[in-house]
Every structure is written in structure tokens, then in C-alpha cells.
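Engineer: Let me see the structure of the following:
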Amino acid sequence: MNAPPETRRFEAEVAQVLHLVTHSLYSHKEIFLRELVSNASDACDKLRFEAIAHPELMADDGELHIDVSWDKDARTVTVRDNGIGMSRDEIVANIGSIASSGTRRFLEAMSGEQKADARLIGQFGVGFYSAFVVADRVTVFSRRAGAPAGEGVKWESDGKGEYTLESAELAERGTTVMLHLKPDEDTFLEGWHLRSLINRYSDHVAFPIRMPKEAADEDDKAAPRNEWETVNAASALWTKPKAEISDEDYQGFYKSLGHDFNDALAWSHNRVEGSQSFTTLLYLPSRPPFDLMMGGRDERKGLKLYIKRVFVMDAAEELLPNYLRFVRGVVDADDLPLNVSRELLQQNRQLDRIKGACVKRVLDLIEKLARDEPDKFATFYKAFGNTLKEGAAEDANNRERIARLLRFASTNGEGAAQTVSLDDYIGRMAVGQDTIWYVTADSHAAAAGSPQLEAFKAKDIEVLLMSDRIDEWMLGSLREYGGKTLQHVAKGELPLDAADKQKQDEATQAAKPLLQKLKDLLGDRVADVRVSARLTDSPSCLALADYDMAPHFARLLREAGQEIPESKPTLEVNPQHELLKRVEAETDEAKSKDLATLLLEQAEIAAGAPLPDPAAFVRRMNRVLLSA
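Structural biologist: Below is the predicted model of the structure:
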């Protein structure tokens, strides 16, 4: 029994997507055709995969294809595929409700400054809605493969908040999307224009995209439209010899694969023969998706997996580690079982070799950029450097290789933009230096201005200035490089020669009364107070134990809801500074306590630690200023 026609409202978020898409993509209207063809290609891929186990699904029509046609009189553009099709429930789930788990992030990204950024379309499964950029009404007919003709479904909407659903008698499986164009969209009723868009965006879709044969002869308007011709290459690009593929071909395939308007930065195309054979075509994008470092990392993450040119899985995360999630591309394996699932992939030993080869190819590609094309590498690193740093922590087998690609600001450079590699740093080390020194902070300015650098600057020892949030976490794993230890300037003992060590011991002995006074005044707010070998100009700084977390990083983790063990700081002071001399000479206990506490609090601020009581700090500062 057929379900009666019904009218439903879009879910609120879909209504927002429709509003933003139809009002924001005025400069990229042609995107609708790319997205509808891409959806049709996915439907064909899914049917071909399901038909491996159920060949009867394709028994009545074994040639998968996508048809694009238009009708000037009716003012319609139609995209039809004979792929998997959709049932009534699937249409409601895929079109009428939330398109994907990324819809909310899509809405956030399309607000404000980014709302005209069309590259976000497609990354979230919201590409269908781009039809409403050029159409004031969209009609969808669909019948799932294997379902009887009477179980077809008709879906229709003007994109303004509601859609209708009704049963339809459909003789063939698949999906037809008919766009009723807006009055000012006549350009999409020209066959030559539709053909040029297919050539630009969808030429390497692996299924034939057909158009009425007379589309190339607009003068013969009376010609019957019952003959079709294929207008795309309709072949898997990665299966061709590299010598037969132009850079334009590679770039065109990337744009259709990655839903990107920008060119890829670089790519690697390889065929591995032997006991296990597979082909990889891997791309480095020039720009990151907006959610690369956010929680939305489940959107189109990973590579497309094919087995003997049969599509098996979109976004196969098992083919690359998480820190290379920005890579786009395809893997076509000869030896994996066609009934593979995500669970089987995780247990498949053959996959380990493929994954290892993919990681090697990507790192080879990045190294080649760093070596031969520094401008392109700078573009890559600006976009994906922080993501690559995850690999230095997560991929022990490639840690040294990844670390070689990392770049950091340094006290030897001019500003945050000028960066150095770890090899650069080692090459400039003084004879006998066996430590790579670094400081971490919330910002480049905070790192460059840290009082903990003063002695290093005085001794002309270069220090790496690390101000990305991920740096402190990464350094928990990256403890050495090139046989040199990496060490925070606030941790451990400074390298002192015999004369400096004697001077330090004498200063500590002379300052014993001052140190004891500060310990008494600060009480349990500090673990210890000692004379600093790090300071030359500032009055105080915090020192960290070897396994202490940098205060700014501990604060970030607490703000993220992580439980961090409480630890008391060690305060280092410069007895030669006027503030310390004033504390030593002050006889009023209340004033002494204010001064001592301010010495600690300014050290905490410089280290990025939160003040336990900001209001008390302000009152204390005011008292000291008024009494000065």
C-alpha cells in the first residue's frame, strides 16, 4: 500500500543551510552541477559495490551512467543516475533532516567573514542544497535498487521551509534531480555551458556522464533528444600511465575529488608491483579545511579506497595516520577482499603495507617541497604545520623524519615569520653545546619576552620560541633530535662554566637572608626560592622541574576540563635587582609581603600561569604604587 502524499517541514538546521547556501554562493553558482554529479557518482559507486554480493540489483541495467539534460521550454536542468537510489525513509534522512554530523559546524563556518566561502560546500554532505542557488523549485524522483516500481518516491520543495513526499510509479532504479531554474539563470539552459562545467569539474568521474547528442549543435533546436553521448573522460585517472596525464588533468581530478576550487599544492602518483600490488594518487591541498584542528575531524577524513577499480569506501581512515588527515587522494588495491568492512580493514595485515607506503609517499612529497620549492613548502607549513606536529608525538617510527620538517621561530631570527629547522639550529650550535634550548608560551611576543631567556641572550645561545598550543604536548614525545636533547629554558640546571658556577654559589650564599625572608613571606605558595642563573635584567621568574608542565599549557588543559595535579612553583630571583634590594631593606611586614607576593605574581604572569586572585593582585599593586 502506497503512503499518502504528505508535507513536512525541514529540520531547523537544514532550513538554515538552505538560507545560507542560496544567499551566499552568488559568485560560484555553477557549483550545483559539480555537487549533483558527485552525488550521482557516489550512488553509482554504492550500487556497484552492493552488486558484488547481490548481482541481481543490476540485472535489469548493467551499464552505470549519469545523464545531464535540459529543457528550455520547461526551464529545467535534470541530473539522473541509475545508481543505488533511495527509499522513502532514506530520502527523509538524507534530504529532509540533518545532512551530516558536520551540518552545525558548516553553519558556524558559513557565518560572518566566511559565509561566501564555497569551498566548504561538499565537505559536509550539504552539496545537494546548492541546487537552490539556481533553482526556485527542486523535484527528486528516486527508487532504490531491488525495490518494485511502485515503491518509487517523489520529493519536492521550493527551499523555503517545507517539502512534500509522495509515492511514485518509477520503471527504473536510481535518482533523478530536476531543477526548475530561477528567471535569471538562463545560462544553465545552454548545452555548451553545461558541457563546459562538466569538463571543468567532473571530467574524471569514473562513470560516463551523458548529454543529448545535439547539445553541441544549438542551431538544430528541432533535433530529437533521444541519442546520448558521453562528454567526460569516464576513466579512473590513477590507472593511466603518468606520462599520459597532464598537470591540468591531475589538478582537475583533485578539484572533483576534494571539492576544492583551489589547485593542489603537489601530488604523488605511484604504482607498486609485487606480492601485493596497489596504486596511490595522493594530493597536498594548498589550503586547510576550516575544521582541521576542531572536533569536526570525522568529515571526509581519509582517502577513497578502491579495489580493482571498484569503489569500496569513502574516507578510509585506516589508510593514513590521523596527523596526515589533510591529504586527499585514492588508493586502488588489487589484493584486498571486496567484502572488506571498516572492522576488517583494522585487522588486515595487507593494509599495514599500504598504509606504510602512503605515509612514506606523503613524507617524501613534503620533503621534496622543503628541499626544492621553499615557497610552496612555506605555504604548506602555514596551512598544515601544526597538524604535522601531531605526527612527531604520535608516529614513533617516523618521529625523526617528521621533526626534520618542523619549523620554529628563534631568538636568532626577526619576528615570528622567520623560522628555522632543527637542523639549522644544530648547525649553528657552539662547540660543546649538546642541548637544543626552547621556550613555550601563549604567543610569540610572550615567548620572545620571557625573562627566562636573559642569560641565554647574554651568552649568545640561540633559543627556539614555541608559541603554538600543540608545541608543549608534542615536546612530551619529542625529547631529542639528531643526538641532541631538547630542553625548556626554565627546566633543569643552566650550562655554567667553573667561573660562572663559583659566582652563582657566592651569590646564593650572600642572599641567604633574603631567600629565607621571601620563603617566610610567601609561605606555601612556593616550593622553594633560590637565586637565579637565568636572570640578568628582570627581578624574578618561575623555574620548572624536569617533568613539570609549562604553566600556560596547564592552564589551557584546565580550561578544557582536564584534571591537572596541583604543584607549587619554584621562584627564582635576581638579588641585584632594585626590587629585591627593596624587599631586603623593607622593615614593614605588610609592605614586605606585598612586594614579595608581587614578585611571585609577575613571574606567574610572564610564564602564562593564571593568578589565583586577580582582584587581590590589583589591590596589592595599587597599595605598592601609592606607597612608592
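
Engineer: all helices of the stretch 51-200 of the chain, in order?
Structural biologist: Secondary structure of the stretch 51-200 of the chain by DSSP state H, counting those that start in this stretch: the helices cover 88-91, 103-109, 191-201.

Engineer: pLDDT of the next helix or strand after the longest one, averaged?
Structural biologist: Read that as helix 191-201. Once the chain leaves helix 191-201, the next helix or strand it forms, by DSSP states H and E, is strand 209-212. Strand 209-212 carries an average pLDDT of 95.

Engineer: For strand 209-212, which strands pair with it and how are they oriented?
Structural biologist: For strand 209-212, the paired strands and their directions (DSSP bridges) are strand 66-71 (parallel), strand 228-230 (antiparallel).

Engineer: Can you identify the element that follows the shortest one toward the C-terminus?
Structural biologist: Under the assignment DSSP H and E, the closest C-terminal helix or strand after strand 228-230 is helix 247-258.

Engineer: Please save the CA atoms from that next one in PDB.
Structural biologist: Provided in PDB are the C-alpha atoms of helix 247-258 (Å, rounded to 0.1, in the frame of the first residue of the first chain):
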ATOM      1  CA  ASP A 247      49.200  18.700 -14.800                       C
ATOM      2  CA  GLU A 248      45.800  20.100 -15.800                       C
ATOM      3  CA  ASP A 249      44.400  16.500 -15.600                       C
ATOM      4  CA  TYR A 250      45.800  16.000 -12.200                       C
ATOM      5  CA  GLN A 251      44.500  19.300 -11.000                       C
ATOM      6  CA  GLY A 252      41.100  18.700 -12.500                       C
ATOM      7  CA  PHE A 253      40.800  15.300 -10.800                       C
ATOM      8  CA  TYR A 254      41.900  16.800  -7.500                       C
ATOM      9  CA  LYS A 255      39.200  19.500  -7.600                       C
ATOM     10  CA  SER A 256      36.500  17.000  -8.200                       C
ATOM     11  CA  LEU A 257      37.900  14.700  -5.600                       C
ATOM     12  CA  GLY A 258      38.500  17.300  -2.900                       C
END
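
Engineer: Can you list the helices and strands that that helix packs against?
Structural biologist: Applying 3 or more Cβ pairs under 8 Å, 6 or more residues apart in numbering; DSSP states H and E, we find helix 247-258 packed against helix 191-201, strand 266-272, strand 278-284, strand 328-333. Glycine gets a C-beta too; all of them are placed from N, C-alpha and C.

Engineer: Arrange the ones you listed in TSV, one row each, with distance to Asp588, mean pLDDT and mean neighbour count as further columns.
Structural biologist: Formatted as TSV, these follow (distance: least, Cβ to Cβ, whole Å; pLDDT from 0 to 100; neighbours: other Cβ atoms under 10 Å):
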stretch	distance to Asp588	mean pLDDT	mean neighbour count
helix 191-201	78	89	17
strand 266-272	68	95	17
strand 278-284	65	95	24
strand 328-333	68	91	24
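
Engineer: right, and those - which one's nearest Ala236?
Structural biologist: Ala236 lies closest, by Cβ to Cβ, to one member of the helices and strands packed on helix 247-258: strand 328-333, at 7.2 Å.

Engineer: which helices and strands sit right next to that closest one?
Structural biologist: Going by 3+ Cβ pairs under 8 Å, 6+ apart, strand 328-333 lies up against helix 247-258, strand 278-284, strand 303-307, helix 349-372.

Engineer: Could you dump the ones you listed into JSON lines and include distance to Ala628?
Structural biologist: Converted to JSON lines, these look like this (distance: least, Cβ to Cβ, whole Å):
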{"stretch": "helix 247-258", "distance to Ala628": "62"}
{"stretch": "strand 278-284", "distance to Ala628": "58"}
{"stretch": "strand 303-307", "distance to Ala628": "65"}
{"stretch": "helix 349-372", "distance to Ala628": "54"}
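
Engineer: circling back to that earlier point, closest one to Ile470 among the helices and strands packed on helix 247-258?
Structural biologist: Nearest of the helices and strands packed on helix 247-258 to Ile470, taken as Cβ to Cβ: strand 278-284 at 19.6 Å.

Engineer: Compute the inter-axis angle for that closest one and helix 247-258.
Structural biologist: If you take axes from the mean of the first three to the mean of the last three Cα atoms, to 10 degrees, strand 278-284 sits at 90 degrees to helix 247-258.

Engineer: mind exporting strand 278-284 as PDB, just the C-alpha atoms?
Structural biologist: What follows is strand 278-284 as a C-alpha-only set of coordinates in PDB (Å, rounded to 0.1, in the frame of the first residue of the first chain):
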ATOM      1  CA  PHE A 278      48.300  -1.200  -5.500                       C
ATOM      2  CA  THR A 279      48.200   2.300  -6.900                       C
ATOM      3  CA  THR A 280      48.200   5.500  -4.900                       C
ATOM      4  CA  LEU A 281      47.400   9.100  -6.000                       C
ATOM      5  CA  LEU A 282      47.900  11.400  -3.100                       C
ATOM      6  CA  TYR A 283      47.500  15.200  -3.000                       C
ATOM      7  CA  LEU A 284      48.600  18.000  -0.700                       C
END
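
Engineer: That strand pairs with which strands, and in what direction?
Structural biologist: Its sheet considered, strand 278-284 pairs with strand 266-272 (antiparallel), strand 328-333 (antiparallel) by DSSP bridges.

Engineer: Ramachandran angles for Lys459?
Structural biologist: Main-chain dihedrals, Lys459, degrees, to the nearest 10: phi -90, psi 0.

Engineer: so how many other residues sit close to it?
Structural biologist: A count of nearby residues for Lys459, using other Cβ atoms under 10 Å, gives 14.

Engineer: how near is it to Gly483?
Structural biologist: From Lys459 over to Gly483 the distance is 22 Å, taken as Cβ to Cβ, to the nearest Å.

Engineer: again, but for Gln509
Structural biologist: 37 Å.

Engineer: Domains in this structure, by residue range?
Structural biologist: 6-218, 239-372, 407-488, 499-627 (automatic domain parsing).

Engineer: I'd like to know which of those is closest to Gly391.
Structural biologist: domain 239-372 (3.7 Å).

Engineer: First residue to last residue on that closest one, what's the distance there?
Structural biologist: 28 Å (Cα to Cα, to the nearest Å).

Engineer: can you check stretch 501-520 too?
Structural biologist: Termini of stretch 501-520 sit 27 Å apart (Cα to Cα).

Engineer: Buried residues of it, list them for me.
Structural biologist: 504, 511, 514-515, 517-519 (16 or more other Cβ atoms under 10 Å).

Engineer: how distant is it from the center of its chain?
Structural biologist: Computed by Cα atoms, centre = their mean, to the nearest Å, the separation of stretch 501-520 from the middle of its chain amounts to 50 Å.

Engineer: Kindly report the same for stretch 264-283.
Structural biologist: Taking mean C-alpha positions (Cα atoms, centre = their mean), stretch 264-283 and its chain are 22 Å apart.

Engineer: so where is the stretch 1-150 of the chain shaky, pLDDT-wise?
Structural biologist: By pLDDT under 70, the low-scoring segments of the stretch 1-150 of the chain are 1-3, 12-13, 15-17, 19-27, 96-126.

Engineer: next one: the stretch 401-550 of the chain
Structural biologist: The stretch 401-550 of the chain contains residues with pLDDT under 70 at 416.

Engineer: again, 80 this time
Structural biologist: Scanning the stretch 401-550 of the chain for pLDDT under 80 picks out 413-417, 492-493, 495, 546-550.
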